[in-house]
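[1] got a sequence here, can you model it:
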Amino acid sequence: MTMPTPDWQTDDGSVQLFKGDCLEILPLLPNGCVDAVVTDPPYGVGFRDKEWDSEIPNWLSLARSAAPLVMFTTAPTTQWDYPRPDWVANWYRPASSSRTTWGGFNHWTPILIYGNADLRVDTINLHAIANAYPRGFQHPSPKPLRLLEWMIAGTSGCVLDPFMGSGTTGVACVQTGRKFIGIELEPRYFDIAVARIKGAIDGVQPAERKAGQLSLLETT
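    As a prediction, the model looks like this:
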């Protein structure tokens, strides 16, 4: 199968970005072009009444066909909406302002793993304030760069993010020398991802690190 034409890519093809629906693009990717899928898909919990988070798309079977390893975040209550994983890792995020269904605070996020991830430990502790994006960041639910760096550390080869959003997985891949394929449906977020990944290639510090992340609060 011939690789579809990316909407943006680096001159050497090490980063290829597609603007469109991952459910349509994933089946077009040639076998063997992806070694791992690392992503942050819609949780299906109606995040801030956003339409894109009203349900979980039927994406996992396509991702598992594309790569031998799939790792992704989801909500504590929606992890059971997926088939039984090979393992569940944990992102512990003290000081988070996210709420539970009964009004308390939610300070952890499950990471479902299908396949073998080469993680030294299965928990990462990232202080929510220390790893916050700057006020006004143009995406409603960005994940910390350190989280994606930690997740892709358990992979090798080419990493695919079918829900690329603002491109944090791509930035992490550029900074760690991995090939990256990203897919994003929303044109506005696609453009943000392109700009951030270009910046990473040019050696520009990501926005969240400019905001002054506190590395002493990051532990694994």
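
[2] for the rest of this, base every contact and every neighbour count on C-alpha atoms.
    Noted.

[3] and the strands in the protein?
    8-9, 15-19, 36-39, 69-73, 87-92, 108-114, 123-126, 158-161, 179-184, 218-219 (DSSP state E).

[4] just put the ones you listed in CSV and tack on mean neighbour count.
    Below are the strands of the chain laid out as CSV (neighbours: other C-alpha atoms under 10 Å):
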stretch, mean neighbour count
strand 8-9, 17
strand 15-19, 22
strand 36-39, 26
strand 69-73, 23
strand 87-92, 18
strand 108-114, 20
strand 123-126, 20
strand 158-161, 26
strand 179-184, 24
strand 218-219, 14
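
[5] those: which one's closest to A195?
    strand 8-9 (10.8 Å; C-alpha to C-alpha).

[6] nearest spatial neighbour of D7, chain-adjacent residues omitted?
    Spatially, and ignoring its direct neighbours in sequence, D7 is nearest to F18 (5.1 Å; C-alpha to C-alpha, 6 or more residues apart in numbering).

[7] distance check, the one you found against G177.
    20 Å (C-alpha to C-alpha, to the nearest Å).

[8] distance check, A195 against T168.
    According to C-alpha to C-alpha, A195 stands 11 Å off from T168.

[9] kindly report the same for S14.
    Distance from S14 to T168, by C-alpha to C-alpha: 16 Å.

[10] out of these two, which sits in the busier spot?
    Higher neighbour count among S14 and T168: T168, with 24 against 15, using other C-alpha atoms under 10 Å.

[11] E149 is in contact with the more buried one, correct?
    No: checked against C-alpha atoms under 8 Å, the pair T168 and E149 is beyond contact range at 9.0 Å.

[12] quick one, longest helix in this protein?
    In the chain, taking DSSP state H as the definition, the longest helix is helix 187-201.

[13] export it as CSV, just CAs?
    Only the C-alpha atoms of helix 187-201 are listed here, as CSV (Å, rounded to 0.1, in the frame of the first residue of the first chain):
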residue,chain,number,x,y,z
PRO,A,187,-7.7,22.4,11.2
ARG,A,188,-7.0,25.0,14.0
TYR,A,189,-5.3,22.5,16.2
PHE,A,190,-3.4,21.0,13.2
ASP,A,191,-1.9,24.4,12.5
ILE,A,192,-0.9,24.8,16.2
ALA,A,193,0.8,21.3,16.0
VAL,A,194,2.7,22.2,12.9
ALA,A,195,4.0,25.4,14.5
ARG,A,196,5.0,23.7,17.7
ILE,A,197,6.8,20.8,15.9
LYS,A,198,8.6,23.3,13.6
GLY,A,199,9.7,25.1,16.7
ALA,A,200,11.0,21.9,18.3
ILE,A,201,12.9,21.1,15.1
